[in-house]
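[1] Starting from these lines, generate the structure:
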Amino acid sequence: MDLFRKRTKLHGSSMRERSIYKMQDRIKRHALENPSCKKVMVNGEERYLTIVSTENKDTKHFSCMPNEHIERGGIIEWYNIERYGVIKQYGTWMVTSTDSDEDVYQKGIMKRCNYELKWMNENKEIITRPSILSFPYSSLIKENKVYTTDKTKCQIFIPFDKETAKIRADDRFFISAIEDKHTVYRVDNVNDVENTFNGEGYIVLTMSETMLNTETDNTELHICDYYKINSSTGHDESQDKPDEGKNEKKYSKIESDFDYIIPEYVGTNLKAHFFNGDDETSNNVTPLWKVESDNNESLSVTYSSDKKEMTISTDNEELLGKHVKVTLSDSEGIYEQCSLSLLVRGM
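    Down below sits the predicted model:
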């Protein structure tokens, strides 16, 4: 009798546990016979997943083998070996959702990664991560009119790890699939709570288009603030100071509280600065401002009494997604002029 009880409880102490075991055993023995069973790499480890298509070709449902798991944010490299040894790639995918009810096997949803985010960390190491880039539709309803405000906003889904956890608001990234197109986006919000748990998952970055800074951004490597990070530590201090031939250089500089304009919102304030070499000059210089846009009549421009400050605002939503170029020089033409591009964007 004791031997009988021992054998009947070998695969579970209840009928339910034994049923689960039988189902898992059946899946393990016959999984490779299923045409939907694919060999993939999960976070660098070879695994088998059952992958099922949906109406959206960039979204798939998957099922793990029994007793195997994938957390949200997991990266799946999906490939298949075709005839004659030719390898067909199905791309890189990210797990965006998993089913917590997984007595027999884990199920989940994965989406195709369509962009590789690239940046440099504080240790001057170039970091890349597969990500999901989207431009979600959004609108502004005002006075019974619908205005599209998504022209300059995007979202990035990126795995949560020790490097991506360091991303903060105002960090800047190149977002473009064309090498000679230098479109830069700045992080407005980092959602690192909703889709993470116990150090696993993914974060969502909400970004707005901003301007390129040729002094700090590396357009060849497509890394923002590349030169700023490289010069922050362990650099030659002489690089920060003009040499003897440049000490007398006269130049202007625009200081701005924002690099964008939001229609019917507080105006963007600009300040003029003029330098003789390393020293800022505050007297006897009359700023000369020039504003260029597709519709200057839609802009409201006000100046301080000495013209050292200027405020730009607009009430025209039709300028959304367009840029306003501001150029600063002096009335006598002594100082080298400078320019700033302000993006008209939604909230």
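
[2] The residue nearest to residue 175 when sequence neighbours are not counted bridge partners, please.
    Once flanking residues are discounted, residue 175 sits nearest to residue 185: 4.6 Å by CB to CB, 6 or more residues apart in numbering. All C-beta atoms are positioned from the backbone trio N, CA, C, and that covers glycine. Residue 185 has the following beta-bridge partners by DSSP bridges: residue 173, residue 209.

[3] List the contacts of residue 185.
    Residue 185 makes contacts with 154, 172, 173, 174, 175, 207, 208, 209, 210, as judged by CB atoms under 8 Å, 6 or more residues apart in numbering.

[4] Assess the claim that the last one and residue 173 are in contact.
    No. With contact defined as CB atoms under 8 Å, residue 210 and residue 173 do not form a contacting pair (9.9 Å).

[5] Between these two, which contacts overlap?
    Shared contacts of residue 210 and residue 173, counting by CB under 8 Å, 6+ apart, come down to 184, 185.

[6] middle-most residue in this structure, spatially?
    Nearest residue to the geometric centre of the chain (CA atoms, centre = their mean): residue 156, 4.3 Å.

[7] coming back round to it: which pair in the contacts of residue 185 spans the largest distance?
    Across the contacts of residue 185, the longest distance by CB to CB is 14.2 Å; it joins 174 and 208.

[8] show me where the stretch 51-200 of the chain has strands.
    59-64, 75-81, 87-98, 107-112, 115-120, 126-134, 139-142, 145-148, 153-159, 172-174, 184-191, 196-197, 200-210 (DSSP state E, counting those that start in this stretch).

[9] mind listing what's buried in stretch 315-329?
    317, 319, 320, 321, 322, 323, 324, 326, 328, 329 (16 or more other CB atoms under 10 Å).

[10] Surely residue 17 forms part of a strand?
    No. Assessed with DSSP: H, G, I helix; E, B strand; the rest coil, residue 17 is helix; it does not lie in a strand.

[11] how many other residues sit next to it?
    If you count neighbours by other CB atoms under 10 Å, residue 17 ends up with 13.

[12] any idea how far it is from residue 33?
    26 Å (CB to CB, to the nearest Å).

[13] low-scoring stretches of the stretch 151-300 of the chain, by residue?
    Residue ranges of the stretch 151-300 of the chain with pLDDT under 70: 151-152, 232-248, 282.

[14] could you pull out the helices for it?
    226-230 (DSSP state H, counting those that start in this stretch).

[15] returning to what we had before: pick the one among the buried residues of stretch 315-329 closest to residue 113.
    residue 321 (26.1 Å).

[16] tell me the secondary structure for that closest one?
    Three-state call for residue 321 (three-state DSSP): coil.

[17] wait, doesn't it sit right on residue 261?
    No. With contact defined as CB under 8 Å, residue 321 does not reach residue 261; the gap is 11.4 Å.

[18] which residues does residue 268 form a beta bridge with?
    Beta-bridge pairing for residue 268 (DSSP bridges): residue 312.

[19] Quick check: it vs residue 257, distance?
    7 Å.

[20] Quick check: closest non-adjacent residue to residue 52.
    residue 61 (4.5 Å).

[21] tally of neighbours for that neighbour?
    Residue 61: 16 neighbours (other CB under 10 Å).

[22] who does the closest residue to residue 338 other than its chain neighbours bridge with?
    The shortest distance from residue 338 to any non-neighbouring residue, by CB to CB, 6+ apart, is to residue 252 (5.1 Å). Note on residue 252: beta-bridge partners by DSSP bridges are residue 274.
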